[in-house]
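Visitor: give me coordinates for this.
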Amino acid sequence: MDYKKNFFKDESMFIKTTKKTTMDAAQKVVLNRKGNVLYNSGDIEGARRIFLTTGYSDGLTRVGDYYKSQGRSLDALRMYWIAPDHKKSEAIIMQLSALIKNLIHEEGDLPDA
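Guide: Residues are numbered from 1 along each chain as shown. This is a model prediction of the structure:
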């Protein structure tokens with residue numbers, strides 16, 4: 001089984017880093033408020049874009065919580081990692097580690113082809 005093809009179908013799953021934008025505190029406040037309005041109205045993706053731009057950790061964590069509730073663990077991990085929310089990201093990392101451990105164990109049980 002080719003695990004890379006199954007687990008990494010979309011490059012957008014990877015965390016991309018760029019230089020931080022330069023904006024003053026007043027601009028961040030205005031954008032974060034707009035992000036909160038978008039989040040509360042159900043536009044999670046719009047809020048996510050704003051929170052990523054401003055680096056608003058609480059907003060990123062809330063987006064991660066939403067993704068996790070929707071079964072999107074890798075997307076949640078990405079938000080928690082960027083936030084950074086180590087407690088929540090560690091929980092997902094532990095789940096993924098257990099999954100990988102089980103996959104490796106199962107592969108070891110397969111007969112040689």
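
Visitor: counting by contacts, list what whichever helix or strand Leu77 is part of packs against.
Guide: According to DSSP states H and E, Leu77 maps onto helix 73-82. If you count contacts as 3 or more Cβ pairs under 8 Å, 6 or more residues apart in numbering; DSSP states H and E, helix 73-82 packs onto helix 57-69, helix 86-108. (C-beta placed from N, C-alpha, C; glycine too.)

Visitor: out of these, the one nearest Val30 is which?
Guide: Closest of the helices and strands packed on helix 73-82 to Val30 is helix 57-69, at 13.5 Å (criterion: Cβ to Cβ).

Visitor: and the closest one, what's its mean pLDDT?
Guide: Helix 57-69 comes out with an average pLDDT of 97.

Visitor: tell me the centre residue of this protein?
Guide: By Cα atoms, centre = their mean, the chain has its centre lying nearest to Arg78, at 2.2 Å.
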